[in-house]
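A.B. asks: Could you look at this predicted model? Sequence included:
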Amino acid sequence: MIFSKNKTVIFSILLATVNLSLAQTTNKNSSVSIIKNYKNWKWDDVMVAKNKFISVAVVPKAAGRVLEYNLGDTPSLWINPKLFGKSFSNDEHVKIKDWRNFGGYRLVPIPVNNCAINKNGKKVKRWPPPVSIGDAPYNAEIIQNDGISSIKVTSGIQNLPVPKFDYKSKSFSVPEKIEEQFQYSRSLYIEENSSLVFINHTLTNKGNQTIERGLKISSQHISRSKPELEDGENFIAHIPFDKNLKLPDGKQFHISVTPESRWRYINRNRMKLDKNNPEHIKKYFNKGTNWTGEVSPGIYETHYDYYLMGGIEMVSSKSWLSYVNKTNNTAFVKIFEPYNPKLTYENGANSVIFHSGLEDGYLETEVKTPIYTLEAGESFNYKEIHGAAKIKSSLILDVNKSGIITQRLNFNKKSNILSGEYGVFREGKASLQITDNLGNVSEVYIDTVDPLNTFTLKHTSNKIAKAKTILLLIKSNNKNYILDKLEL
């Protein structure tokens, strides 16, 4: 996190503007382009970063959202076709039905429970969230720095509290004064020969008063393999957890769904239910059957349920979340800043997996930054890295900046075989760095690897039997990256 004073005056922007003079720039084997009507989405200017493994598309007029992050032909993000080509003003007089849910990768300011004001002057939550930062067009530009082309988007200035519609009086509340003003920006870039996306979020206090704010940053993921199917069991998410990292009330996690809330949601939005029908009670009067639970020590799994509206909130102990499409074993992960128990988090958690029944349904992986106290002109930065890879098994045991572990490095002394299963984020060469008891180091080449192919290790060598430490390395662009480690 970086805090800085910013004395530059930035005016609220209602329409996105794009620096067209930088319409095509390159990061060696990757490119950044501005494309009109990209994939027939009907927006004039979509900013697209591509290399031979991934494509990332940012739409300034759709609140600066990332609406595409694909590994090869496999998409990770759900996008709402009903809003193709649409853009909206920053008018905060919106009702529940007015939420402009473009899909993709989005954000809301947190805490969410004090962004609006009701008719009694009390600070409350409002849905839709604040519009200037969540729905309205963003300013956008392509920035060159040390040969790297980044896509940067910036919101208009968000004023709080926002008005809230009262359905009894049929009118909006009127905030007496502006108490907070802040502005959000995000820059991202991709590497050559990798599936990684590097993201930097910045929230700046543009007002005169001290504020306490953070961000909840969400990816809305695809939850069905075909439009006519409800095969949510094929779309799963994982959270790593530590039994020593609990929420403020001492619980490991909170599931926001109750049997009563699930029943009401289905009855109102899916089908009419009958409490005298034992089959209905058995199937739907529960918190959901999608919360698979602990599938491996310290790994919690859930799969998508179309008949559900709610999420699970907990501390991600290793600071990663994963989303897996089991129909083709493609994983998309996000790595973020480590949880810091000395800082304040909304509800004490830094991660949420949410199941939405809106539109045709989507699964959300949500990262929550800490809540920071920002003096006038101060800002905070928060960094994420997103990665994608093909994997052999859908159960993810761990994630690091080199790749995904689905079977840890293991040595079978009887068969003399070293084994492991992985998805990798970088194209390169896999090798073993073996250190014996005398401190002698040797390296053994294994195979070439890349994000579009699973990496299964099965290797035998006399050197392994004498090893004290084995590092599994990926060499890419003349650098070594550690994928796994085994102490013998």
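C.D. replies: In hand now; what should we look at?
A.B. asks: Tell me the pLDDT of Ser169.
C.D. replies: Per-residue pLDDT puts Ser169 at 94.
A.B. asks: if I look at it, how far off is Lys119?
C.D. replies: Remark: distance between Ser169 and Lys119 (CB to CB, to the nearest Å) = 7 Å. Backbone N, C-alpha and C define where each C-beta goes, glycine included.
A.B. asks: Mind checking which of these two has more residues around it?
C.D. replies: Neighbours were tallied for Ser169 and for Lys119 using other CB atoms under 10 Å; the higher tally belongs to Lys119 (15 against 9).
A.B. asks: Torsion angles phi and psi at that one?
C.D. replies: phi -70, psi -20 (degrees, to the nearest 10).
A.B. asks: Could you pull out the helices in the stretch 251-400 of the chain for me?
C.D. replies: 259-269, 278-284 (DSSP state H, counting those that start in this stretch).
A.B. asks: Can I get the ones you listed in JSON lines including distance to Lys342 and mean neighbour count?
C.D. replies: Shown next, in JSON lines, are the helices of the stretch 251-400 of the chain (distance: least, CB to CB, whole Å; neighbours: other CB atoms under 10 Å):
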{"stretch": "helix 259-269", "distance to Lys342": "34", "mean neighbour count": "15"}
{"stretch": "helix 278-284", "distance to Lys342": "42", "mean neighbour count": "13"}
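A.B. asks: Would you mind putting these into JSON lines with mean pLDDT alongside?
C.D. replies: Below are those laid out as JSON lines (pLDDT from 0 to 100):
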{"stretch": "helix 259-269", "mean pLDDT": "96"}
{"stretch": "helix 278-284", "mean pLDDT": "96"}
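A.B. asks: Go through those and name the closest to Ser393.
C.D. replies: helix 278-284 (29.5 Å; CB to CB).
A.B. asks: So which elements touch the closest one?
C.D. replies: If contacts are counted by 3 or more CB pairs under 8 Å, 6 or more residues apart in numbering; DSSP states H and E, helix 278-284 sits against helix 259-269.
A.B. asks: how far away is Ala467 from Asn416?
C.D. replies: Counting by CB to CB, the gap from Ala467 to Asn416 is 12 Å.
A.B. asks: Let me know which of the helices of the stretch 251-400 of the chain is the nearest to Tyr323.
C.D. replies: Here helix 259-269 is closest among the helices of the stretch 251-400 of the chain (CB to CB), at 22.4 Å.
A.B. asks: and that closest one, how far out from the chain's middle?
C.D. replies: Taking the mean of its C-alpha atoms, helix 259-269 sits 27 Å from the chain's own mean (CA atoms, centre = their mean, to the nearest Å).
A.B. asks: Quick one: low-confidence residue ranges for the stretch 1-150 of the chain.
C.D. replies: The stretch 1-150 of the chain contains residues with pLDDT under 70 at 1-29.
A.B. asks: Can you show me the helices along it?
C.D. replies: Under DSSP H, counting those that start in this stretch, the stretch 1-150 of the chain gives helices at 131-134.
A.B. asks: More neighbours: which of Ala467 and Asn416?
C.D. replies: Remark: of Ala467 and Asn416, Ala467 carries more neighbours, 21 against 13, as counted by other CB under 10 Å.
A.B. asks: what helix or strand does the nearest residue in space to the more buried one that is not next to it in sequence sit in?
C.D. replies: Using CB to CB, 6 or more residues apart in numbering and skipping the chain neighbours, the partner closest in space to Ala467 is Ile434 (4.8 Å). Assessed by DSSP states H and E, Ile434 sits inside strand 428-436.
A.B. asks: per the record, what domains does this protein have?
C.D. replies: Following automatic domain parsing, the chain resolves into domains at 20-390, 405-487.
A.B. asks: among these, which is nearest Ile396?
C.D. replies: domain 20-390 (4.8 Å).
A.B. asks: residue with max distance from the center of this protein?
C.D. replies: Leu438 (44.4 Å; CA atoms, centre = their mean).
A.B. asks: Three-state assignment for that one, please.
C.D. replies: Under DSSP: H, G, I helix; E, B strand; the rest coil, Leu438 falls in the coil class.
A.B. asks: So that it lines up with my notes, have the first residue be 21 from now on.
C.D. replies: That works, and once the first residue is 21, the last one we named lands at Leu458.
A.B. asks: what's the distance between it and Phe475?
C.D. replies: Using CB to CB, Leu458 is found at 30 Å from Phe475.
A.B. asks: Next: Ser175.
C.D. replies: Ser175 is 40 Å from Phe475, by CB to CB.
A.B. asks: I'd like to know the beta-bridge partner residues of Val68.
C.D. replies: Ser53, Ala77 (DSSP bridges).
A.B. asks: Identify the residues contacting it.
C.D. replies: 52-55, 58, 75-78, 88 (CB atoms under 8 Å, 6 or more residues apart in numbering).
A.B. asks: and which of those residues is nearest to Thr278?
C.D. replies: Glu88 (35.5 Å).
A.B. asks: my guess is that closest one meets Ser75, correct?
C.D. replies: Yes. In this structure, Glu88 is within contact of Ser75 by CB atoms under 8 Å, at 6.0 Å.
A.B. asks: Those two: who's more crowded?
C.D. replies: The neighbour comparison of Glu88 against Ser75 (other CB under 10 Å) goes to Glu88, with 25 against 18.
A.B. asks: contacting residues for the more buried one?
C.D. replies: 59, 68, 75-77, 95, 97, 99, 124.
A.B. asks: again, only this time at 10 Å
C.D. replies: Glu88 is in contact with 58-59, 61, 66, 68-70, 74-79, 95-97, 99, 123-125, counting by CB atoms under 10 Å, 6 or more residues apart in numbering.
A.B. asks: So what pairs up with it in the strands?
C.D. replies: Ala77.
A.B. asks: what does Ser169 give?
C.D. replies: Gln164.
A.B. asks: What separation is there between Glu112 and Glu441?
C.D. replies: 50 Å.
A.B. asks: Likewise for Ser238?
C.D. replies: Ser238 sits at a distance of 29 Å from Glu441 (criterion: CB to CB).
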